[in-house]
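Asks: Structure for this input, please:
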Amino acid sequence: MIYDQTEENPNAPLDEWSISPGKPRTGDILDIVGKTSPEETIGMTVSFTINTPVIDNEYKYVFENIRIPGGSNSFQVRSQKVEDLNFIVHMFIDFKRSFDAENGIAEFFEKNVPAGNYEIVVEGNAMDGEKEVKIDFVATQTVKADSEGNFSHKYDTSALPDGDFTVKIGDSEKIITLMPAN
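Replies: The predicted model follows:
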């Protein structure tokens, strides 16, 4: 199950929203702006999937310099075609959590992650014979509108891989294609 657990108003009216630049590259800062009800708190979800190769029956994907915003947020990783999942955060000391797979799927979920920049490693053992592992990532946070209902958020794409990812605000979503950096 992919979680979507933010503390926003799921029925918040969303008048409009946009993302610029229109053709972003890895490393660009996305400017997400929109309009809703005054002082409304809206949930924002960023999600994407990668396929990572299996080498010697192991898989590994490293995120460098992931920026986690303060406030209400969550982070989920779901690996498929695996025996297990290790989720490692490099900080002052390494934080590691391990999960066994059920029917080839292993998941990690954490709410209210402290704000900061992190290096995150997702690794584990693949199921026998697999050549690649599918990993789904879902990050949520809330965005607060001002007294006129306007909201604005800057999103750093430096930690995201090239390709498609989805940005969902309220109940509206857009698929963004992130081009390689120059």
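Asks: In stretch 52-71, which residues are buried?
Replies: 52, 54, 59, 61, 63, 66, 68-69 (16 or more other CB atoms under 10 Å). For the C-beta atoms, the positions are set from N, CA and C on the backbone; glycine is no exception.
Asks: all strands in this structure, in order from the N-terminus.
Replies: Assigned by DSSP state E, the strands in the chain fall at 14-20, 29-36, 41-53, 58-68, 73-80, 84-90, 94-100, 105-111, 116-125, 132-144, 150-156, 163-169, 172-178.
Asks: sorry, back to before: let me have the buried residues of stretch 52-71 in a markdown table, adding pLDDT and distance to residue 146 as columns.
Replies: Converted to a markdown table, the buried residues of stretch 52-71 look like this (pLDDT from 0 to 100; distance: CB to CB, whole Å):
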| residue | pLDDT | distance to residue 146 |
| --- | --- | --- |
| 52 | 96 | 40 |
| 54 | 98 | 48 |
| 59 | 98 | 43 |
| 61 | 95 | 37 |
| 63 | 88 | 31 |
| 66 | 84 | 27 |
| 68 | 82 | 23 |
| 69 | 79 | 17 |
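Asks: okay, the strands of the chain, which one's buried deepest?
Replies: Of the strands of the chain, the one with the most neighbours on average (mean count of other CB atoms under 10 Å) is strand 73-80, at a mean of 22.
Asks: mind listing what residue 147 touches?
Replies: By CB atoms under 8 Å, 6 or more residues apart in numbering, residue 147 lies in contact with 38-39.
Asks: Next up, phi/psi of it, please.
Replies: When read as degrees, to the nearest 10, the backbone of residue 147 gives phi -70, psi -10.
Asks: can you name the two of the buried residues of stretch 52-71 that are farthest apart?
Replies: The most widely separated members of these, counting by CB to CB, are 54 and 69 (32.7 Å).
Asks: how far away is the spatially closest residue to residue 64 that is not a sequence neighbour from residue 88?
Replies: Excluding the flanking residues, the one nearest residue 64 by CB to CB, 6 or more residues apart in numbering is residue 119, at 5.4 Å. Separation of residue 119 from residue 88 (CB to CB, to the nearest Å): 9 Å.
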